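Asks: sharing a model prediction with you, sequence too.
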Amino acid sequence: FEFLVRACALLRDQGRKFRCQIVGEGEERGRLEALIADLRLQEAVELVGALPHDEVVKRLDAATVFVMPSVIASDGDRDGLPNVLLEALAMEVPSVASNVSAIPELIRDGETGLLVPPRDERMLAARIGELLDSPALRQKLAANGRREVEQRFDVDRNAGELVRLFTRR
């Protein structure tokens, strides 16, 4: 989440008012705390830590924008298709995500969300800014994202498709 924190510094330097909550816990916490302090972002960026799923849902429900700044780790580790991104789209939260792994299969840039190259805090800040500036874009992406999740991740539809595949001769 280093690049999200750095993007927040750019947004702050542009005079934007916002509150960024980073939910989850991991080995990056110490580095992120130091970076937040170094960039003087304590008033804008909060490391919330791990939360129960129902609390994550509440925070998504209250969010104006969701950001999934995935990167490919130095050892090649990466997110596949993060569940929380699916949840954000299902809850009609307009989303910005990195163009890595399976994310572009769900996020079509400008249609169901906004994509950015991984590790590019300038582009990340620009795309977040686009969403903050445009209620119409947020509304369009929210509706399209929800529709995409409903169409592609419906349990009954997918189960029916599996049954059809396995009963073919």
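Replies: Here it is on my side, so go on.
Asks: longest helix of the protein?
Replies: Using DSSP state H, we find that the single longest helix of the chain is helix 135-152.
Asks: what's the spacing between it and its chain's center?
Replies: Relative to its parent chain, helix 135-152 has a centroid offset of 14 Å by Cα atoms, centre = their mean, to the nearest Å.
Asks: quick check: next helix or strand after the helix or strand hosting Glu55?
Replies: Using DSSP states H and E, Glu55 sits within helix 53-62. Scanning forward in sequence from helix 53-62 by DSSP H and E, the next helix or strand is strand 66-68.
Asks: got a list of what Leu141 touches?
Replies: By Cβ atoms under 8 Å, 6 or more residues apart in numbering, the contact set of Leu141 is 94-95, 111-114, 131. (Each C-beta comes from the backbone N, C-alpha and C, glycine too.)
Asks: thinking again about what came up before, in the helix holding Glu55, what counts as buried?
Replies: Neighbour counts using 16 or more other Cβ atoms under 10 Å place 56, 60 of helix 53-62 among the buried residues.
Asks: hmm, who's touching that helix?
Replies: In contact with helix 53-62 (Cβ under 8 Å, 6+ apart) are residues 21, 23, 48, 51, 66, 84, 87-88, 91, 93.
Asks: what about the helices in the chain?
Replies: Under DSSP H, the chain gives helices at 2-13, 29-38, 53-62, 83-90, 103-106, 121-133, 135-152, 155-167.
Asks: what's the fifth one packed up against?
Replies: Contacts of helix 103-106 with other secondary structure elements, assessed using 3 or more Cβ pairs under 8 Å, 6 or more residues apart in numbering; DSSP states H and E, are made with helix 83-90, helix 135-152.
Asks: so what touches it?
Replies: 68, 70, 79, 81-82, 85-86, 89, 97, 112-113, 115, 148-149, 152.
Asks: what is the lowest-pLDDT residue among those residues?
Replies: Lowest in pLDDT among the contacts of helix 103-106 is Asp79, which has 72.
Asks: so it is in contact with Ala73, correct?
Replies: No. Assessed by Cβ atoms under 8 Å, Asp79 is found out of contact with Ala73, at 9.9 Å.
Asks: looking at those two, which is more packed in?
Replies: Using other Cβ atoms under 10 Å as the criterion, Asp79 and Ala73 rank with Asp79 on top: 19 against 9.
Asks: which stretches of the chain have low pLDDT?
Replies: Within the chain, the stretches with pLDDT under 70 are 77-78, 154-156, 158-160, 162, 169.
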